[in-house]
Structures are given as C-alpha cells and as structure tokens.
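>>> need a structure here:
(one chain, ligands or ions: 1)
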Amino acid sequence: MKYIFHANAGHTGGSLSCIDILNVLYNHVMNVSPENFASPDRDRYIQSKGHSVEALYVVLADKGFFPEADLETLCKYKSHYIGHPTRKVKGVEQNTGALGHGLPISVGTALSAKLDSKNFRVFTVLGDGELPEGSNWEAALTASHYRLDNLCAIIDHNKLQITGPTSQVCNTDPIDKKFESFGWSVRHIDGHDYEALIKTFEALPFERGKPSLVIAHTVKGKGVSYMENNIKWHHGVPDEKQYEVALNELDGAMITVPDDF
Ligand SMILES: Cc1ncc(C[n+]2csc(CCOP(=O)(O)OP(=O)(O)O)c2C)c(N)n1
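Numbers count the residues shown, from 1 in each chain. The predicted structure follows:
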C-alpha cells in the first residue's frame, strides 16, 4: 500500500487478494531464496497475473532478493521496478503481464524438470479473470498429457476482474469441473487462511501423475474495508485520507505468527 501510494500507480485490489498466497509460497513452501536463485534445482514461481506485481515485489524484498528501499523507485523513470514483472528484478523468473502466459510457461518449465530428471516444482498464480485466455486451456491439456505432477497452479478466485464480476465478463464456472475434466486434481481453499494454505501445499501433489490446481477463494482488496469486493480498486491509488485509513486497517489486521508456525 505504501509503495503504491508513493508511486501513484498500482493494481491495489488484486495485489491484496493474492499476497497471502505469495507469502505462504515463499516462506513456507518453495525451495527458492536469494542464495539458490542461480541453482537449476530451485523451485520456480511464475506470476501469471502480472499486474499484481506489487504483492510479488514486497514478498521478494522481504525474502532478501533486493533491499526494500528499492521499491521507493516503483514506477519511476529508469527504475526496473515497473508495473509488471520483469527479469531485471532479482527473484523474478519470467516477464509477465500479458495475461494467459504464466500457465503455458509453467507447463514448459515443469516438463523440462521431468525431461532432465530434476525434482524442482513449479508454482503459478493466475487470476480468475485471466482464465478465458485460450492459451490457458492448451496449457491445461498439455500439463495432464505429460502427467506434470510437479506443477501447481493457484487461481486467485476473487470473483472480480477489470470491468466487472468475472461471471458477467466471461463466466468460467465451474472451474473445478473444467480442470478435472482436463485431467487435473483440484482443491478449494480459503486463500487468506495461512494454516489451510500451508496444509494444502504440503499435500502436493494431490494425486500422483496429475497436475494440481488450488482454487483459492479470496477477497479483492482484502484488508481495506472500502476496497474489499469493489471493482473500482482493480487499479487505483488512495488519496491521503484513504491511505491513512488503509494503513490503519491493514496494521490492525496484522497477525503475529508463532516462531514454530
Ligand atoms: C492479454 C491481456 N488482455 C488484457 C489485459 C488487461 N487486463 C489487465 S488486468 C485484467 C483483468 C484480470 O482479471 P483477474 O485475472 O481476475 O485479475 P484480479 O482480479 O485478480 O486482479 C485485464 C483484462 C492484459 N493484461 N492482458
């Protein structure tokens, strides 16, 4: 929120809906860190809904990929910290932002692990409004054809996209049945429940020989009352008063996680 406010730009709602998922992936699930980022054995994360890059940036900074102060240059002239992920930023695996590319890239990456007999896993987060892109369905078919059980796709199912509710812009329900019919193993989860997220990822692969899909039920704008479930905040910057309210509410919602969690 701080960096979006100072940059005067950002995909606020969608970053707040996926940040809990990213936090859990980077801090409890994936074997990837600044130390092993050059290793071919690291787990891979590809942010398919690239517009929510602010969530990715702060999780990468928190993990030590780059100094958090770098984010003060967000969206400034000549900064690499632009409004969609680019590999010029340490920790970013792939340039994304044109929707519908993250899953196909993840499928190729997971297939390369199988061909090279490597054990790394591939994770990708997609938006529900991104699903109508046809490339996702080619990728979904290919993933099950090659039995890519080292691949986990997570849908940030906040039920909104850029111009309205996902169900009205282009309905993709029932997402679970569609992916199951494509040969995936699917689970539903509350995408803001840390314990449930960790347990779900610990159960990967959900079935041997099948790619896994987590449908994470989330709230767009999570944690800021006037942003929650409000399409207006797909892309938007709070004014000073709204910013203060947002920071207070987010601070108030902060949970202390025990060391052994
Ligand atoms: C190929 C392509 N078409 C259109 C866009 C413009 N666009 C940016 S975000 C967005 C909506 C995406 O909705 P969703 O994936 O549900 O994102 P979320 O609500 O999680 O932020 C669209 C259509 C784009 N980035 N790429």
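
>>> how about the helices in the stretch 51-200 of the chain?
Ranges of helices in the stretch 51-200 of the chain, per DSSP state H, counting those that start in this stretch, are 53-63, 102-115, 134-145, 166-169, 175-181, 194-202.

>>> to Ile255, which of these lies closest?
helix 194-202 (7.9 Å; Cβ to Cβ). Every C-beta, even on glycine, is put in place using the N, C-alpha and C of the backbone.

>>> show me what secondary structure element comes after the closest one.
strand 212-217 (DSSP states H and E).

>>> ok, and what's touching that next one?
21, 149, 151-157, 175-176, 179, 184-191, 197, 200-201, 204-206 (Cβ atoms under 8 Å, 6 or more residues apart in numbering).

>>> that older thread, take the helices of the stretch 51-200 of the chain and write them to JSON lines, including distance to the ligand and mean pLDDT.
Output for the helices of the stretch 51-200 of the chain, formatted as JSON lines (distance: least, Cβ to the nearest ligand atom, whole Å; pLDDT from 0 to 100):
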{"stretch": "helix 53-63", "distance to the ligand": "10", "mean pLDDT": "98"}
{"stretch": "helix 102-115", "distance to the ligand": "10", "mean pLDDT": "98"}
{"stretch": "helix 134-145", "distance to the ligand": "9", "mean pLDDT": "98"}
{"stretch": "helix 166-169", "distance to the ligand": "6", "mean pLDDT": "97"}
{"stretch": "helix 175-181", "distance to the ligand": "12", "mean pLDDT": "98"}
{"stretch": "helix 194-202", "distance to the ligand": "17", "mean pLDDT": "97"}
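
>>> in a markdown table: these, plus mean neighbour count and distance to Met227.
Formatted as a markdown table, those follow (neighbours: other Cβ atoms under 10 Å; distance: least, Cβ to Cβ, whole Å):
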| stretch | mean neighbour count | distance to Met227 |
| --- | --- | --- |
| helix 53-63 | 22 | 13 |
| helix 102-115 | 21 | 24 |
| helix 134-145 | 19 | 27 |
| helix 166-169 | 15 | 17 |
| helix 175-181 | 16 | 24 |
| helix 194-202 | 16 | 21 |
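
>>> JSON lines for those helices, including distance to Arg44?
Formatted as JSON lines, the helices of the stretch 51-200 of the chain follow (distance: least, Cβ to Cβ, whole Å):
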{"stretch": "helix 53-63", "distance to Arg44": "13"}
{"stretch": "helix 102-115", "distance to Arg44": "5"}
{"stretch": "helix 134-145", "distance to Arg44": "14"}
{"stretch": "helix 166-169", "distance to Arg44": "27"}
{"stretch": "helix 175-181", "distance to Arg44": "20"}
{"stretch": "helix 194-202", "distance to Arg44": "15"}
